[in-house]
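What would the 3D arrangement of this be:
(4 chains)
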There are 4 protein chains.
Amino acid sequence: MAENVENAGPIVVSEGPFRGWLTWGAGEDPFETAIGPFCFRGAGPDVTCAFEPKRSHLNGGGTIHGGALMSFADFCLFAIGHEALAGAKAVTVAFHCEFLAPGGLDETIEARGEVLRATRSLVFVRGLITQGRRSLLAFSGTLKKIAA
Amino acid sequence: MAENVENAGPIVVSEGPFRGWLTWGAGEDPFETAIGPFCFRGAGPDVTCAFEPKRSHLNGGGTIHGGALMSFADFCLFAIGHEALAGAKAVTVAFHCEFLAPGGLDETIEARGEVLRATRSLVFVRGLITQGRRSLLAFSGTLKKIAA
Amino acid sequence: MAENVENAGPIVVSEGPFRGWLTWGAGEDPFETAIGPFCFRGAGPDVTCAFEPKRSHLNGGGTIHGGALMSFADFCLFAIGHEALAGAKAVTVAFHCEFLAPGGLDETIEARGEVLRATRSLVFVRGLITQGRRSLLAFSGTLKKIAA
Amino acid sequence: MAENVENAGPIVVSEGPFRGWLTWGAGEDPFETAIGPFCFRGAGPDVTCAFEPKRSHLNGGGTIHGGALMSFADFCLFAIGHEALAGAKAVTVAFHCEFLAPGGLDETIEARGEVLRATRSLVFVRGLITQGRRSLLAFSGTLKKIAA
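Numbering: from 1, shown residues only, chains lettered A, B, ... in the order given. Next up is the predicted model:
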């Protein structure tokens, strides 16, 4: 299962286009360090996630690879669900998405979403990844809290 | 949408642990070049997909990042659906998965699956990613053929 | 695949708690006649769907059966996607949902949603089924237009 | 969430085409009594589920309503997951399906599947609904055990 480092808490990005935004342990999550950075800011229903698309995110057709968008969506589940998790460590249990339109290199890729429900053990999140005025990916996921 | 380079056709891997296996345009798909290589071999119901997990695939918890598994699953949709696509270019329309167990660095990660149905415009695929005897990720996806 | 009778057009409900709302061919869709009626009203982003829960919708635990909620969600895909379909006949290709809380017999069950994207052949819809202040089911689906 | 009456245990069907098969509390689950009966038999990987399609299962297009197939699929999650649940009460947390082909009234509708993984609190199941040689619906679901 996809684990997060929630128990470590998000850190403030110190430089670059997302200076002042939050991310998790840059360098501590090798995959997200390799394909990111993925960042977020805001609280409650106003959490916004973002990343700058690069050539290394492209597929053979010159658009953003679906795997890159899904990896960002998985990050977003934890960013949007951050407050509901309240410091608890969690893993992704199930994930679903619809690919609505291809992404490119022209603008920042963002995402917003909401916690649908938080129970004692599960957090249900859904969101939408956009680029400019285009909706790229609609996603939803179920997070399960695990003992620290 | 996640595009593939099917119209270019898979190429034979010339070196490394997957020599003789097939992959798509190494170098032509920047994202898969960065996080792969992802390879496949076999035909019909006996298609097997594989990749060697590396440190760069890990999340902050020391297990394979969910995004890495989902990116590999997206590759698998096209590998398993390869014959049904019959050279047509295609994009991923919808994707779903359940995270069953965490992956590590100990063994090759593999996947097998099946084409559930192929219609004039859609190909429905499902599969299972495993590592040794552990099932890591169950996935299913809908591919849509697009005009070349 | 789940077909709809969109090409016949929705009809106005003439009596009961949803008088003045719209539904499809009451009596022409045996399953929805048996477990419904399911109705909708409004246009654009303000489409609201509803049904009155009855004892025949309950499961063995005394709450609304998941299958009843999923059947209503499938109806909602077509109601919310109604304008985007513009009279075209369509079938459900893929469906996903998360069960957030159990439903009961105390209040009308409603749903609202949005068309995420409408292409030449596909319509992507997502929505949320609620009962009073409780969210019961989050759902998303892909509809494919078919030749009349 | 969709509850089951697992803690009551399945009962043997005493008459009709599924005499000798198992079902849950006929009459105790009003929805399944109304649209069923849904039955199952076998154990381990050889669980088979079935129901006889009737006119009341049809949609406006004369094929089996998607909601009827999804309701049967929800029943199948519990039938296939029956042994893994080991008497524990459970609810459906998430459900996904792809509609592969329309069903009709010509033959019994069946389903087979497998438990992908059973953890302390979750059971992951996937299956395939068929009619004769046609695959109608591929489905997967996550069940969560709840305190009795």
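
ok, so what distance separates residue A:102 from residue D:57?
39 Å (Cβ to Cβ, to the nearest Å). To be clear about C-beta, it is placed using only N, CA and C from the backbone, and glycine gets the same treatment.

no wait, residue A:94
Computed as Cβ to Cβ, the residue A:94 to residue D:57 distance reads 28 Å.

same deal with residue A:118?
Distance from residue A:118 to residue D:57, counting by Cβ to Cβ: 37 Å.

And those two? Which one has more around it.
A direct count of neighbours by other Cβ atoms under 10 Å in any protein chain shown for residue A:118 and residue D:57 places residue D:57 higher, at 25 against 18.

List the contacts of that one.
C:30, C:31, D:35, D:64, D:65, D:68 (Cβ atoms under 8 Å, 6 or more residues apart in numbering or on different chains).

what do you get if the cut-off is 6 Å, keeping everything else the same?
For residue D:57, the contacting residues are C:31, D:64, D:68, by Cβ atoms under 6 Å, 6 or more residues apart in numbering or on different chains.

Regarding the residue nearest to it when sequence neighbours are not counted, what is its secondary structure?
Leaving aside its chain neighbours, residue D:57 sits nearest to residue D:68 (4.3 Å; criterion: Cβ to Cβ, 6 or more residues apart in numbering or on different chains). Here residue D:68 is recorded as helix under DSSP: H, G, I helix; E, B strand; the rest coil.

just for chain A, where's the confidence low?
Scanning chain A for pLDDT under 70 picks out A:1-8, A:25-27, A:148.

burial of the closest residue to residue A:70 other than its chain neighbours, as a residue count?
In this structure, residue A:70 finds its nearest non-sequential neighbour in residue B:70, 4.4 Å apart by Cβ to Cβ, 6+ apart. Using other Cβ under 10 Å, residue B:70 is surrounded by 27 other residues.

What of residue A:135?
15.

Reduced to three states, what does it come out as?
Strictly by three-state DSSP, residue A:135 counts as strand.

isn't it right up against residue A:100?
Yes: here residue A:135 reaches residue A:100: they are 4.8 Å apart, a contact under Cβ atoms under 6 Å.

Now residue A:84: which helix or strand?
According to DSSP states H and E, residue A:84 maps onto helix A:82-85.

Which element is encountered next along the chain beyond that helix?
Counting by DSSP H and E, the element after helix A:82-85 in chain order, helix or strand, is strand A:89-99.

ok, residues contacting the very next helix or strand once past that next one?
Counting by DSSP H and E, the next helix or strand C-terminal to strand A:89-99 is strand A:109-118. Residues from elsewhere that reach strand A:109-118, judged by Cβ under 6 Å, 6+ apart: A:45, A:48-51, A:53, A:76, A:80-81, A:84, A:103, A:124-127, A:129-131, C:100, C:138.

Just the CA trace of strand A:109-118, in CSV.
Listed next in CSV are the C-alpha coordinates belonging to strand A:109-118 (Å, rounded to 0.1, in the frame of the first residue of the first chain):
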residue,chain,number,x,y,z
ILE,A,109,-0.8,21.6,-12.8
GLU,A,110,-3.1,22.0,-9.8
ALA,A,111,-5.7,20.0,-7.8
ARG,A,112,-8.5,20.8,-5.3
GLY,A,113,-10.8,18.4,-3.6
GLU,A,114,-12.7,17.5,-0.4
VAL,A,115,-12.9,14.9,2.3
LEU,A,116,-16.2,13.1,1.7
ARG,A,117,-16.2,11.4,5.1
ALA,A,118,-13.8,10.6,7.9
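
now it and strand C:89-99, what's the angle there?
Angle between the axes of strand A:109-118 and strand C:89-99 is 60 degrees (criterion: axes from the mean of the first three to the mean of the last three Cα atoms, to 10 degrees).

Give me the sheet partners of strand A:109-118 and which way each runs.
Sheet pairing of strand A:109-118 (DSSP bridges) gives strand A:48-51 (antiparallel), strand A:122-131 (antiparallel).

Make a markdown table from these and add mean neighbour count to it.
Formatted as a markdown table, those follow (neighbours: other Cβ atoms under 10 Å in any protein chain shown):
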| stretch | mean neighbour count |
| --- | --- |
| strand A:48-51 | 23 |
| strand A:122-131 | 24 |
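
what does chain A have sitting close to chain D?
Contact residues, chain A versus chain D (Cβ under 6 Å from any Cβ of the partner chain): A:94, A:142.

Look up how far chain B lies from the closest residue to residue A:108 other than its chain neighbours.
If the residues on either side of it in the chain are set aside, residue A:108 comes closest to residue A:50, at 5.4 Å by Cβ to Cβ, 6+ apart. Going from residue A:50 to chain B by Cβ to the nearest Cβ, to the nearest Å gives 16 Å.

Tell me who's in contact with residue A:50.
By Cβ under 6 Å, 6+ apart, residue A:50 lies in contact with A:39, A:108, A:110.

If you rank those by neighbours, which is first?
When neighbours are counted by other Cβ under 10 Å, residue A:39 leads the contacts of residue A:50 with 25 neighbours.

Make sure that one is actually in contact with residue A:19.
No: with contact defined as Cβ under 6 Å, residue A:39 does not reach residue A:19; the gap is 9.5 Å.

which residues are common contacts for the two?
Counting by Cβ under 6 Å, 6+ apart, the contacts common to residue A:39 and residue A:19 are residue A:13.

Residues in a beta bridge with the residue in chain A that chain D sits nearest to, which ones?
Using Cβ to the nearest Cβ, the single residue of chain A nearest to chain D is residue A:94, 4.8 Å away. Beta bridges link residue A:94 to residue A:142, residue B:98, judged by DSSP bridges.

who's in contact with the residue nearest to residue A:95 when sequence neighbours are not counted?
The shortest distance from residue A:95 to any non-neighbouring residue, by Cβ to Cβ, 6+ apart, is to residue A:141 (4.5 Å). By Cβ under 6 Å, 6+ apart, the residues touching residue A:141 are A:77, A:92, A:95, A:125.

From residue D:42, how far off is residue A:141?
Separation of residue A:141 from residue D:42 (Cβ to Cβ): 33 Å.

starting at the chain centroid, how far to the helix or strand that contains residue A:74?
Counting by DSSP H and E, the element that carries residue A:74 is helix A:66-80. Offset of helix A:66-80 from its chain centre (Cα atoms, centre = their mean, to the nearest Å): 4 Å.

can you check stretch A:77-85 too?
10 Å.

Ok, stretch A:117-136 next?
Centre-to-centre, stretch A:117-136 and its host chain are 9 Å apart (Cα atoms, centre = their mean).

And it, end to end?
Counting by Cα to Cα, to the nearest Å, you get 24 Å between the two ends of stretch A:117-136.

Count the neighbours of residue A:43 for me.
9.

Please disregard the earlier target; I meant residue A:40.
Using other Cβ under 10 Å, residue A:40 has 26 other residues around it.

Which secondary structure elements does the helix or strand where it lies sit against?
Under the criterion of DSSP H and E, residue A:40 resides in strand A:39-41. On a contact count with 3 or more Cβ pairs under 6 Å, 6 or more residues apart in numbering or on different chains; DSSP states H and E, strand A:39-41 meets strand A:22-23, strand A:48-51.

and chain A, which of its residues are near chain B?
A:1-3, A:5, A:25, A:28-31, A:34, A:55-61, A:63, A:65-68, A:70-71, A:74, A:92-99, A:102.

Filter those residues down to the buried ones.
Neighbour-count burial (16 or more other Cβ atoms under 10 Å in any protein chain shown) is assigned, among the residues of chain A next to chain B, to A:1-3, A:5, A:25, A:28-31, A:34, A:57-61, A:63, A:65-68, A:70-71, A:74, A:92-99, A:102.
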